[in-house]
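Undergrad: here is a sequence with its predicted model. Questions after.
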Amino acid sequence: MSRRPIALSPDLLRMQNEGYDLDIRGGYLLVRNVPYVDSSGTVRLGILISKLELSGDKTVKPTDHVAYWTGEHPCHSDGRKITAIQNPSAPQDFGDGVKADHTFSAKADYRDYHHKMTTYIGRIAGEAAKVDSLATARTYPAIPAHDESCVFKYVDTATSRAGIGAVNGKVAGQKVGILGMGGTAAYVLDLVTKTAAEQIHIFDGDVFSQHNAFRAPGAPSLEDLEIRPQKVAYFAALYSNMHKGIVAHDVYLDEKNVGLLDGLDFVFVCIDRGPVKRVVIDRLIANGTPFAEVGMGVVLHDGQLGGIVRLTTSTPDTRDAAAPHISYADDDGGANEYATNIQIAELNSLNAVIAVMAWKQHFGIYRQARPHFYTGYSIGSGEFVHESAA
């Protein structure tokens, strides 16, 4: 079965987005799990079938008003057969596992397959809803991604429902790097995993410890923590459930292996060790790679937390302006409460959100009226400050 006709045909895509369980086999369109009433007044599930007319991989206006059905003949809510669609015929086997017990005929000038199939479904499932108010053919099934070129394990129905596939596709094929799998980086991974980036390279040589769990997305179990997994292994296993392109690098970056960053299209720099960060950024600049450098400064004063969350976006066009905002100071504790792993997941996630938005702005997904290379958020005032290149 190929799902290309569903992805390329507005009528089929609309049905998928509306939650119908679609299948295409041997030139036939199937809608599974359609509720109907049998002769005893019991609600059951059947399959509605139609010949599928295509031009290439896209549907054309159906010329055949006939539909087929797998299951008992649908009835009204009181058990009387729905004779308005009845078309006496013998069971048929269309091959490729497609079999029909009944043939239906409801003559109409159907605009497309959405119009045709939902018309039949309305007549059949509408009676089932009179018996069981929860009966519906819109089941929103999980849809595996059969297309080998798709970066996801299952179909991105969120993008198709919103009609923004072309916009989100602007990062398709990219190789993205995320350096340091601490709290902010983990949230960056969570967001980037939901994009069409081809590969997501994550770098860290540390263990995923219990305190990390309170600054990262998700909810690891006690058993997860007891085995003390490497950070990249833990996150790669988690997000590979969704994205095929997670590449784990269980290393601390240094002068010897910084070449692992070569060939990346964008990098999120989420590390705080100054000497390592300098080695990394020097390499990225030499390669002409755009990157987002994140950080925060949080202090405890009079029993409350305050400080800033910041982002610096460095591209070949903003290198000089962005450079003074990048901190190379080691985060070794002192008055900075962030260094003690205080539970500030919301600040990590905020830092990740503005960084991922900057990446998407750089590649034209989001509008940016005035490109800026620095963003700072003040916890105390709740204000964002931006600095733009002249």
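TA: Received, thanks. The shown structure was predicted, so the numbers you read here are calculated from the model rather than taken from an experiment.

Undergrad: show me what the helix or strand hosting L45 is packed against.
TA: For L45, the host element (DSSP states H and E) is strand 43-51. Other helices and strands packing on strand 43-51, by 3 or more Cβ pairs under 8 Å, 6 or more residues apart in numbering; DSSP states H and E, are strand 28-37, strand 66-70, helix 113-131. Glycine gets a C-beta too; all of them are placed from N, C-alpha and C.

Undergrad: deepest of these, which one?
TA: Of all the helices and strands packed on strand 43-51, strand 28-37 carries the top mean neighbour count, a mean of 23, counting by mean count of other Cβ atoms under 10 Å.

Undergrad: distance from the chain centre to that one, please.
TA: Computed by Cα atoms, centre = their mean, to the nearest Å, the separation of strand 28-37 from the middle of its chain amounts to 27 Å.

Undergrad: and stretch 99-107, by the same measure?
TA: The answer for stretch 99-107 is 38 Å, by Cα atoms, centre = their mean.

Undergrad: cool, stretch 93-111 as well?
TA: Distance, centroid of stretch 93-111 to centroid of chain: 35 Å (Cα atoms, centre = their mean).

Undergrad: in that stretch, what counts as buried?
TA: By neighbour count with 16 or more other Cβ atoms under 10 Å, stretch 93-111 contains the buried residues 98, 100-104, 106, 110.

Undergrad: how far away is H386 from A236?
TA: 34 Å (Cβ to Cβ, to the nearest Å).

Undergrad: ok, these two, which is more surrounded?
TA: A236 (21 against 12; other Cβ atoms under 10 Å).

Undergrad: pLDDT value on the residue lying closest to the more buried one once chain neighbours are set aside, please?
TA: Leaving aside its chain neighbours, A236 sits nearest to A248 (4.0 Å; criterion: Cβ to Cβ, 6 or more residues apart in numbering). Reading off the confidence values, A248 has pLDDT 98.

Undergrad: change the start of the numbering to 350 and stick with it
TA: Yep, numbering from 350; the last one is A597 now.

Undergrad: sorry, back to before: got CSV for the buried residues of stretch 442-460, with pLDDT too?
TA: CSV is the format used below for the buried residues of stretch 442-460 (pLDDT from 0 to 100):
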residue, pLDDT
V447, 94
A449, 96
D450, 96
H451, 96
T452, 96
F453, 96
A455, 94
Y459, 97
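
Undergrad: out of the residues you listed, which is nearest to P490?
TA: Set against P490, the nearest of these by Cβ to Cβ is V447 (18.1 Å).

Undergrad: could you report the pLDDT at T667?
TA: 93.

Undergrad: tally of neighbours for the nearest residue to it once chain neighbours are set aside?
TA: The shortest distance from T667 to any non-neighbouring residue, by Cβ to Cβ, 6+ apart, is to F722 (4.2 Å). Neighbourhood size, F722 [other Cβ under 10 Å]: 22.

Undergrad: F722 should be in a helix, yeah?
TA: No - per DSSP: H, G, I helix; E, B strand; the rest coil, F722 lies outside any helix segment and is strand.

Undergrad: residues contacting it?
TA: Neighbouring residues of F722 by Cβ atoms under 8 Å, 6 or more residues apart in numbering: 661-664, 667, 670-671, 674, 736-738.

Undergrad: do the same with V525
TA: Residues in contact with V525 (Cβ under 8 Å, 6+ apart) are 541, 546, 548-550, 613-617, 708.
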